[in-house]
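Trainee: Okay, sequence plus prediction incoming.
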Amino acid sequence: MLSLLMKRRSIRKFTDREVTEEQVKQILQAALLSPSAHGRQSWEFIVVRDKNMLQHFGNCRQPKQPFLPETPVAIAVLGNPEVIDVWVEDGSIAMTHMMLEATALGLGSCWVQIRNRPSNQNDMPAADYIKQLLHVPEPYQVLAILALGYPGQEKEPLSLEQLPYHKIHRERF
Ligand SMILES: Cc1cc2nc3c(=O)[nH]c(=O)nc-3n(C[C@H](O)[C@H](O)[C@H](O)COP(=O)(O)O)c2cc1C
C-alpha cells in the first residue's frame, strides 16, 4: 500500500491513449467501496468523456485549469447535504479511493477543486457553473472533478525519507 501511495502524483498532462470503460468501472467501484458517515453514501458521480463538455470544464475554475479540455475522462463528485452534513468528507474519501485505483491501473489523475472556488465565468461559483453544465438538481453540491488519463508527464514517486515527519505529534501537540 505504501508503494502505491508513493506512486500517486497529480498528473496534469495526459496522452491520447484511450481509458477503457473497464478501467472507469474499476475506478468507480473503488469510489463505491469507500466508507461514508453512517453508511449513508451521500455521494453521486458523473462520468464525462464528451469533448465539448470537457472544453467547457476548462472554464470551470479561476485560475483556469487548462488541462481539463485535454483530459480523456473526468469524474465529477457531488454530495447531498440533505443526506448528511459531512458530505464533503464522504466525497473526499471517494476521490481518494478513485485516485489510488487510477494509480494502481497505471493511470494519472488530478483533483480539481470546485467547492468554494470561483469559476472563470463572471466569478460565478465554480460549483454553480458545473451544476448548470451537468444539469445537477438541488440539493446536490459539487465537490470536485477528478481528471483521469494515461500520464503524459513523468513525476518522481514520493519518498519515505522526505516526508514531513515534523507534522506528527505524540501524546500532545
Ligand atoms: C483538496 C485538494 C484540492 C486540489 N485542487 C487542485 C486544483 O484545483 N487544481 C490542481 O491542478 N490540483 C489540485 N490539487 C492537487 C494538489 O495541488 C496536489 O495534490 C499537491 O500539489 C501535491 O502534489 P501531488 O499530488 O503530486 O503529491 C488539489 C488537491 C487536493 C487534495
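Mentor: Thanks, I have it.
Trainee: Apart from its chain neighbours, what residue comes closest to Phe67?
Mentor: Nearest residue to Phe67, sequence neighbours excluded (C-beta to C-beta, 6 or more residues apart in numbering): Arg12, at 4.4 Å. Placement of C-beta: from N, CA and C, glycine included.
Trainee: In which helix or strand does that neighbour reside?
Mentor: Using DSSP states H and E, Arg12 sits within no helix or strand.
Trainee: I'd like to know how many residues surround it.
Mentor: For Arg12, the count of nearby residues is 20 (other C-beta atoms under 10 Å).
Trainee: Surely it is in contact with Glu70?
Mentor: No. In this structure Arg12 lies outside contact range of Glu70 using C-beta atoms under 8 Å: 9.2 Å.
Trainee: Pro66 in helix, strand or coil?
Mentor: coil (DSSP: H, G, I helix; E, B strand; the rest coil).
Trainee: burial count for it?
Mentor: Pro66: 10 surrounding residues under other C-beta under 10 Å.
Trainee: Repeat that for Glu22.
Mentor: Summarising burial for Glu22: neighbours were counted as other C-beta under 10 Å, giving 9.
Trainee: Likewise for Asp16?
Mentor: Asp16, neighbours per other C-beta under 10 Å, totals 9.
Trainee: now it, nearest residue through space, not along the chain?
Mentor: Leaving aside its sequence neighbours, Asp16 sits nearest to Pro72 (C-beta to C-beta, 6+ apart; 7.6 Å).
Trainee: Look up phi and psi at the residue most central in space within the chain.
Mentor: Nearest to the mean C-alpha position of the chain, by C-alpha atoms, centre = their mean, lies Leu146 at 2.7 Å. Phi and psi for Leu146, reported as degrees, to the nearest 10, are phi -100, psi 120.
Trainee: Am I right that it is in contact with Leu68?
Mentor: No. With contacts counted by C-beta under 8 Å, Leu146 stays clear of Leu68, the gap being 10.8 Å.
Trainee: Between these two, which contacts overlap?
Mentor: Counting by C-beta atoms under 8 Å, 6 or more residues apart in numbering, the contacts common to Leu146 and Leu68 are 74, 112.
Trainee: Packing partners of the top helix by length along the chain?
Mentor: Of all the segments of type helix in the chain, defined by DSSP state H, the longest one is helix 87-104. The helices and strands touching helix 87-104, judged by 3 or more C-beta pairs under 8 Å, 6 or more residues apart in numbering; DSSP states H and E, are helix 2-7, helix 21-32, strand 43-48, strand 73-79, strand 108-113, strand 141-149.
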